[in-house]
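Q: Turn this into a structure:
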Amino acid sequence: MKLNELQKAPEAKNRKRVGRGPGSNWGKTSGRGQKGQKSRSGVSISAWFQGGQTPLYRRVPKRGFNNAQFTTRYSTINLSDLNKFFNNGDEVTPEILKERGIIKKQLDGIKVLGNGELEKKLTVKANRFSSTAIAKIESAGGKAEVI
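A: Numbering: from 1, shown residues only. Here you go, the predicted structure:
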């Protein structure tokens, strides 16, 4: 195959070339009408835009009940972090984690995730554990206790 033997794919369609003079029927304003926001390049008006008036979704009051405020949210910590900040035989509690600055907020509790490896024997007390975290803590000789 040579460059001079290349052919256009049969299904390929020519794009409309606008703004190429009055003889083309798509000259001057290029089919965009006269002035205004939509005649300018780079315009992107969202479907819910109402021309600058306060949109409907802001005029209508919020109604109903949402359970999202009552969800249980946990601060998470990985086994790799426990490996960094604790020595062999230490006890890990939410209070110690907060005191040492490993976690910022306790939220509704602490959840220990199994990311990373644990080489130290630790007694970890938390509200929740992932299944991999329990397996890795116990394989290292430690204990995972649910508070």
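Q: And the strands in this structure?
A: Assigned by DSSP state E, the chain shows strands spanning 75-78, 91-92, 110-113, 123-126, 128-129, 143-146.
Q: Show which residue of the protein lies farthest from the average position.
A: Using CA atoms, centre = their mean, the residue of the chain lying farthest from its centre is G23. It sits 50.9 Å away.
Q: any idea how far T29 is from that residue?
A: 15 Å (CB to CB, to the nearest Å). Backbone N, C-alpha and C define where each C-beta goes, glycine included.
Q: swap in F86?
A: Per CB to CB, F86 is found 71 Å from T29.
Q: Looking at the two now, which is surrounded by more residues?
A: F86 (20 against 12; other CB atoms under 10 Å).
Q: pLDDT at that one, what is it?
A: Per-residue confidence at F86 stands at 90 (pLDDT).
Q: That one touches K120, doesn't it?
A: Yes - with contacts counted by CB atoms under 8 Å, F86 reaches K120, the gap being 6.4 Å.
Q: which ones are touching S131?
A: The contact partners of S131, by CB atoms under 8 Å, 6 or more residues apart in numbering, come to G114.
Q: at 7 Å instead, please
A: By CB atoms under 7 Å, 6 or more residues apart in numbering, no residues touch S131.
Q: Check K136 too.
A: Applying CB under 7 Å, 6+ apart, the residues near K136 are 79, 114, 118.
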